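Peer 1: What would the 3D arrangement of this be:
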Amino acid sequence: MTQRTVFPLGLFYWGAKWTMGSWCSLRSDYRDFRVDRLVAVTASDKSATLPAGVSLQAYIAKQEQKGY
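Peer 2: I've put the predicted structure just below:
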């Protein structure tokens, strides 16, 4: 189990599961998290800025590169 700071970009239903496509601060990369496996979610009161170029469009482009 890990704690991560993520920036959700979208919810997607595929493979019979809901996933949250996000930017993960821990990995400095896009990651997908299965919603049914999240134990707890807490909204942060800290202000944070995404790195330049991080966006839903960039996430989708990376997924397409993987063949998804």
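
Peer 1: count of neighbours near the closest residue to residue 62 other than its chain neighbours?
Peer 2: Nearest non-adjacent residue to residue 62, counting by CB to CB, 6 or more residues apart in numbering: residue 30, 5.4 Å away. (C-beta placed from N, C-alpha, C; glycine too.) When neighbours are counted by other CB atoms under 10 Å, residue 30 registers 20.

Peer 1: Likewise for residue 7?
Peer 2: 15.

Peer 1: Go ahead and report the secondary structure state at it.
Peer 2: For residue 7, the secondary structure call by DSSP: H, G, I helix; E, B strand; the rest coil comes out as strand.

Peer 1: Who are the contact partners of it?
Peer 2: Residue 7 makes contact with 22, 23, 25, 48, 50, 54, according to CB atoms under 8 Å, 6 or more residues apart in numbering.

Peer 1: Could I have the CA atoms of whichever helix or strand residue 22 is part of written out in PDB?
Peer 2: Secondary structure assignment for residue 22, by DSSP states H and E: strand 17-24. Extracted C-alpha coordinates of strand 17-24, given in PDB (Å, rounded to 0.1, in the frame of the first residue of the first chain):
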ATOM      1  CA  LYS A  17     -13.200  -1.800 -14.400                       C
ATOM      2  CA  TRP A  18     -13.200   1.900 -13.700                       C
ATOM      3  CA  THR A  19      -9.800   3.500 -13.700                       C
ATOM      4  CA  MET A  20      -8.500   7.000 -12.800                       C
ATOM      5  CA  GLY A  21      -6.000   8.400 -15.300                       C
ATOM      6  CA  SER A  22      -3.700  10.700 -13.300                       C
ATOM      7  CA  TRP A  23      -0.400  12.500 -13.100                       C
ATOM      8  CA  CYS A  24       1.500  10.800 -10.200                       C
END
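
Peer 1: Could you list the paired strands of the helix or strand just after it along with their orientation?
Peer 2: From strand 17-24 onward toward the C-terminus, using DSSP H and E, the following helix or strand is strand 29-34. As defined by DSSP bridges, the strand partners of strand 29-34 come to strand 17-24 (antiparallel).

Peer 1: Show me the beta-bridge partners of the residue nearest the centre of the chain.
Peer 2: For the chain, the residue whose C-alpha lies nearest the mean C-alpha position (CA atoms, centre = their mean) is residue 22; its distance is 1.3 Å. With DSSP bridges applied, residue 22 shows beta-bridge pairing to residue 8, residue 31.
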